[in-house]
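Novice: Kindly generate the corresponding structure for this input.
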Amino acid sequence: MSSAVDTLEQSEAYMENPKLQKYFKNVWLKEKERWVSMYRVGKMRVPVGTNNGVERQNRMLKECHIKFQVDKSLSGLVKVLHKDFLPAGYKKYIDENALASDSYRSYLNYIPPYLHNRPPKIVKHCMKRLNNASSIPTDDVTRVGCTVFKVRSSESLLEYEVYFGSESEFPKCSCPDFKKWFLPCKHMFAVFNKYDDVSWNSLPKWYSDSVYITLDNYVIKTSDYNSLKQSDIALSR
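Specialist: Presented below is the predicted three-dimensional model:
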């Protein structure tokens, strides 16, 4: 961290930009724990597919909701937010949950039941790792404790340690993939493949039922399936 800061401060772009220097020292560096990865080890992170979520929402509000409104006053804006923008966003959230649930469509046969009723991105993540795990020989997977395992890397001489966690401890694998996403990696699935007494259910329930990796059952129950548009979702049929 310190060497990276030194490199930045010695760069030509930094030294020639007083505004950047002021922002970096007075704003960014003071809040480094919020966005530097080394300070977030052991915490589940949620990928955000946009550089600025607030700006994205602002653009949608202006281009899709306000652009054709006659009343441009503050009261007109509040009306659009209350009657149009927020309800539309909430309906989209409900529809996306409903479309991904097994109440709307049955999952493909090769998708394990424990991946049903989860966000499509989570299902895709896990299915890719599950497929990759099939190439790991069972001899490369060894048990070193009740819930601790060693898995030899298929790309190097390294061994990764897999721990399935507890009610008070986060599950983990020492591989880069798990450290980046905090989601099940291929080494975890390799353990599932070898040992009959270890499965998805070996993960703590608070983790496997986390709101980050499950659908919102409450809004699914309130969804009107007849109003949903037909959509070709890759993970359902």
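
Novice: Now do the contacts for residue 220.
Specialist: Residue 220 makes contact with 94, 97-98, 101, 103, according to CB atoms under 8 Å, 6 or more residues apart in numbering. All C-beta spots, glycine's among them, are computed from the backbone N, C-alpha and C.

Novice: For those residues, which ChimeraX command selects only the ones that are buried?
Specialist: The ChimeraX command for the buried members of those (criterion: 16 or more other CB atoms under 10 Å) is given here:
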select :94,97,98,101
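
Novice: any idea which of the contacts of residue 220 is closest to residue 140?
Specialist: residue 101 (36.5 Å; CB to CB).

Novice: Could you check how far the closest one is from residue 217?
Specialist: When distance is defined by CB to CB, to the nearest Å, residue 101 is 8 Å away from residue 217.

Novice: still on that earlier bit, any chance of the contacts of residue 220 in JSON lines with pLDDT as columns?
Specialist: As requested, the contacts of residue 220 are arranged in JSON lines below (pLDDT from 0 to 100):
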{"residue": "94", "pLDDT": "90"}
{"residue": "97", "pLDDT": "91"}
{"residue": "98", "pLDDT": "90"}
{"residue": "101", "pLDDT": "91"}
{"residue": "103", "pLDDT": "84"}
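
Novice: Looking at the contacts of residue 220, which one is closest to residue 4?
Specialist: residue 97 (39.6 Å).

Novice: Report the residue ranges of every domain in the chain.
Specialist: Structural domains assigned to the chain are 2-39, 50-111+218-229, 118-208, following automatic domain parsing.

Novice: what's the least confident stretch among those?
Specialist: When the domains of the chain are ranked by mean pLDDT, domain 50-111+218-229 comes last with a mean of 83.

Novice: coming back round to it: common neighbours of residue 101 and residue 217, please.
Specialist: Shared contacts of residue 101 and residue 217, defined by CB under 8 Å, 6+ apart, are found at residue 117.

Novice: Stretch 18-28: end-to-end distance?
Specialist: Distance between the boundary residues of stretch 18-28 (CA to CA, to the nearest Å) amounts to 14 Å.

Novice: Which stretches in the chain count as helices?
Specialist: 2-9, 12-15, 18-23, 53-60, 74-80, 86-99, 120-133, 176-181, 186-194, 205-208, 217-221 (DSSP state H).

Novice: got the buried residues for the fourth one?
Specialist: Right, helix 53-60. If you call a residue buried by 16+ other CB under 10 Å, then helix 53-60 has no buried ones at all.

Novice: tilt between it and helix 86-99?
Specialist: Orientation note: helix 53-60 sits at an angle of 110 degrees relative to helix 86-99 (axes from the mean of the first three to the mean of the last three CA atoms, to 10 degrees).

Novice: Any idea how far helix 53-60 is from the middle of the chain?
Specialist: Chain-centre distance of helix 53-60: 20 Å, with CA atoms, centre = their mean, to the nearest Å.

Novice: Please apply the same query to the second one.
Specialist: With CA atoms, centre = their mean as the basis, the distance from the averaged C-alpha position of helix 12-15 to the chain average is 35 Å.

Novice: for residue 97, what are its contacts?
Specialist: 215-216, 219-220, 223.
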